[in-house]
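Undergrad: Kindly generate the corresponding structure for this input.
(chains A and B)
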Amino acid sequence: MMSKLMVAVSPHFTGKRTTQKIMLDVIIALLPAAVASVILFGWRSLLVIGVCVAASVASEFLFEKLCKRSNTVYDLSAVVTGLLLAFNLPVSIPLWQAVFGSVVAVIVVKQLFGGIGQNFANPAITARIVMMTAFSSTMTNWVVPSTLKMPDAITSATPLVAAAKGTTSMMPSYLDLFLGRHAGCLGETCALALLLGGVYLLIRRVISWHTPVAFLGTVALMSLVCGKDVLYQLLSGGLLLGALFMATDYATTPPTKTGKLIFGVGCGLITILIRFWGNLPEGVSFSILLMNIFTPYIAKLTRTRPMTGGAKG
Amino acid sequence: MRLHGIRIPHKKNTAGMKPVRLPLPETVTIPMLMHIGKHARAVVKPGDSVKVGQIIGAADGYISSDIHSSVSGTVEKMVELTAFNGNKVSCVQIRCDGKQEKDPTLRVPEVTDFDSFITAVKTSGVVGLGGAGFPSFVKLGVNDLSKIDAIILNGAECEPYITSDTRTMIDKADYVFKGIRTLQKYMHAKRVIIGIENNKREAIASMKSYADKTEGVEVKVLPSIYPQGGEKVLIYHTIHKLVPKGGLPLDVGAVVINVTTLAFIAEYMETGIPLIEKCITVDGSAVKEPKNVIAPIGMTISELLKAVGGVKEEPAKVIYGGPMMGIAMQSLEEPVLKITNAVIAMGKKEATLPKITPCIACGGCSAHCPFRLDPRAIAKAYDRKDAEELEKLCVDMCMECGCCSYICPANRPLVHTNKLAKALLRTYRAEKEKETK
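TA: The predicted structure follows:
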């Protein structure tokens, strides 16, 4: 019995979870919101999502080919980036702008910093901010959901704009907020769908509760302190999408529980500052991007200490 | 508080199987190194006739161990093999005569006090049978017995597949407790704790039925979270004390001994027959009929696999010990060692690990490390060859349990990097010491 044997360092066992499976879980978690966007804003949502995903995957593939890096398209992270970016765009966005955003997200924010796991800022968030600056009119061309039985393509104020201007007549009800029947980016409006996805990610242990709870908790608490409508603040804007799906990104947020709590509180505070005292109606994207910048410092501050049992480390 | 760890598949397929004695092979190949420490010196030469239990390798230096013949027969030749630690080791190859005549000089040891007890442990040739192979007489030869608060018996057996310790606790419970009484008598153990993972109901029941009748013995049922059987982990979860970095269990008043090691010591004190055979779990996806067997030390793995009923497919990877910390052997001609508690023959599918992909910074490795090390930071520091940073990251605390590699979704070879980083740190320290001199 002379056979060739594999010789390798232990362990000779490995867990079933892979990067690809984690990304697949995120995609599954984003599906309810994708379905909701089609119901609320019509088939064009699907077109925007498709274009963003295709452009993101193509950018990743071509860039890695060009740089002779190993191909990481199979890990599905570019699909997640494309989905998240699409969710952050109004349904009426011109398609070439959606493509531009995807290229910025994948090539500029992710690949130029070394690819998956190496980027310091969330690709979809950063691309959204770039697009808000570059295409400010099309990025705020809010369409009223078709389910409100109003004529299509009527532009309207988002709930946060309505609240900031004090135009209470334009403020949707809690139920409309919860179901997403109000103006906004195509994937951010339906709180129900986002919460479903978030719960799925928690059950699958893809994300931990620390960041979302700290983020949403801070926003709730600060709204209460500032005398604002807590539920209204929680359900509007990109808060749920940001807190559940973007502030929980691995590479751009701290790895430890304490770090995640600090990150979440920071995001909450910045969101509130921008919403209540800033010029912009919404601050979730900026809060996450700013906290992304602080992440290395938070990570260093809260890193796990080896259990040396009293001996000098 | 608990130390972190991971839930892994148990695969204890053979837990209910009493070990069966294998027929004698035609030859045995016995290495002169089956322990941590110095190689034993071969004291027989080709042509010599040897008996069962006869010393064929004499302990050389303090941390070493005698090596006994597992068969009666004639020394055929000396061969060289790669030892479990990667170095070359000379082995005595013996052709069995099938008579299994005992060495007439073997005597039941006379144990009257601590010193004669330690001498008996030494002459038995026993080393840590949990897999570490540290000579037991060194471990038990505590200078100041008053330092010992608790003796902890390791019956955790946290590795997948392996059930040989489980069988010891079921089949040799009387020897385990004879051993415990010896420890109580000669080492003045006030407290004896048997730590067992909760997936071994039969073993727990067996140990508890004896513990109820013995004073000063408690059975501690532990959650089945790997690496429960790691020495420092077991100490922390039984007496809630953390062995300091670079320290020994005795620093927190503990002595840890594997249940099979202790049962063997007790058996030796009755029979006078040294360590010449082992109970081994033979399992893995390539094995046709997984079972527990009793095999003589020196039997080659190819013969062992044949004797248990053969293989379903060509083994792609064969491991001494469990799949988490076991050592992949280079050839099936390697023999059963003193420290072999399992032989896992994996088929191609089981042996093939997924592709290594880029780190996604999920933090799983540090979140699951029992000692809260940061394998990701260690890998980065190692890439820079930054030994000072490795010192700060306490890479030398890594016990190579494999939780980080197991949990990593990118399948990064983190244990491998930790090993390399440890070696780098050792070299750096040695050089620094030279400079200061």
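Undergrad: mind listing what the residue in chain A positioned nearest to chain B touches?
TA: As assessed by CB to the nearest CB, chain B sits closest to A:P255 within chain A, at 2.8 Å. Quick note: C-beta positions are derived from backbone N, CA and C, even for glycine. By CB atoms under 8 Å, 6 or more residues apart in numbering or on different chains, A:P255 lies in contact with A:299, B:361-363, B:366-367.
Undergrad: hmm, 7 Å instead?
TA: The neighbourhood of A:P255, defined by CB atoms under 7 Å, 6 or more residues apart in numbering or on different chains, consists of A:299, B:361, B:363, B:366.
Undergrad: Please apply the same query to B:G322.
TA: With contact set as CB under 7 Å, 6+ apart, B:G322 has these partners: B:159-162, B:342, B:344.
Undergrad: Show the overlap between these and what lies near chain A.
TA: Residues shared between the contacts of B:G322 and the neighbourhood of chain A are B:P160 [CB under 7 Å from any CB of the partner chain].
Undergrad: ok, the contacts of B:G322 vs chain A, which is closest?
TA: Nearest to chain A among the contacts of B:G322 is B:P160, at 6.6 Å by CB to the nearest CB.
Undergrad: wait, that closest one sits on B:K11?
TA: Yes - between B:P160 and B:K11 there is a contact under CB atoms under 7 Å: 4.4 Å.
Undergrad: Distance check, the closest residue to chain A within the stretch 251-400 of chain B against B:N418.
TA: At 2.8 Å from chain A, B:G363 is the closest residue in the stretch 251-400 of chain B, using CB to the nearest CB. Per CB to CB, to the nearest Å, B:G363 is found 16 Å from B:N418.
Undergrad: With A:L201 instead?
TA: Distance, A:L201 to B:N418, using CB to CB: 30 Å.
Undergrad: Neighbour count for those two, which is higher?
TA: Counted by other CB atoms under 10 Å in any protein chain shown, A:L201 and B:N418 do not tie: B:N418 has more neighbours, with 29 against 21.
Undergrad: give me the element that one is part of.
TA: In the assignment (DSSP states H and E), B:N418 maps to helix B:414-436.
Undergrad: Could you name the helices and strands sitting against that helix?
TA: Applying 3 or more CB pairs under 7 Å, 6 or more residues apart in numbering or on different chains; DSSP states H and E, one finds that helix B:414-436 contacts helix B:375-383, helix B:387-392, helix B:403-407.
Undergrad: ranges for the helices of the chain?
TA: With no chain named, the answer covers chain A. According to DSSP state H, chain A carries its helices in the segments A:19-41, A:44-66, A:77-87, A:95-103, A:123-134, A:136-139, A:159-165, A:174-179, A:191-203, A:210-225, A:230-235, A:239-241, A:257-277, A:284-301.
Undergrad: nope, chain B
TA: Counting by DSSP H, chain B has these helices, from start to end: B:114-123, B:136-140, B:164-171, B:173-186, B:201-211, B:231-239, B:259-271, B:301-307, B:348-351, B:364-368, B:375-383, B:387-392, B:403-407, B:414-436.
Undergrad: Can you tell me which residues in the stretch 201-350 of chain B are near chain A?
TA: Counting by CB under 7 Å from any CB, the stretch 201-350 of chain B comes close to chain A at B:242-247, B:302, B:314-319, B:323-326, B:328-332, B:346.
Undergrad: In PyMOL, how would I select the buried members of the residues you listed?
TA: Buried residues among those (16 or more other CB atoms under 10 Å in any protein chain shown), as a PyMOL selection:
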select buried, chain B and resi 242+243+244+245+302+315+316+317+318+319+323+324+325+326+328+329+331+332+346
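Undergrad: Cheers, nothing more for now.
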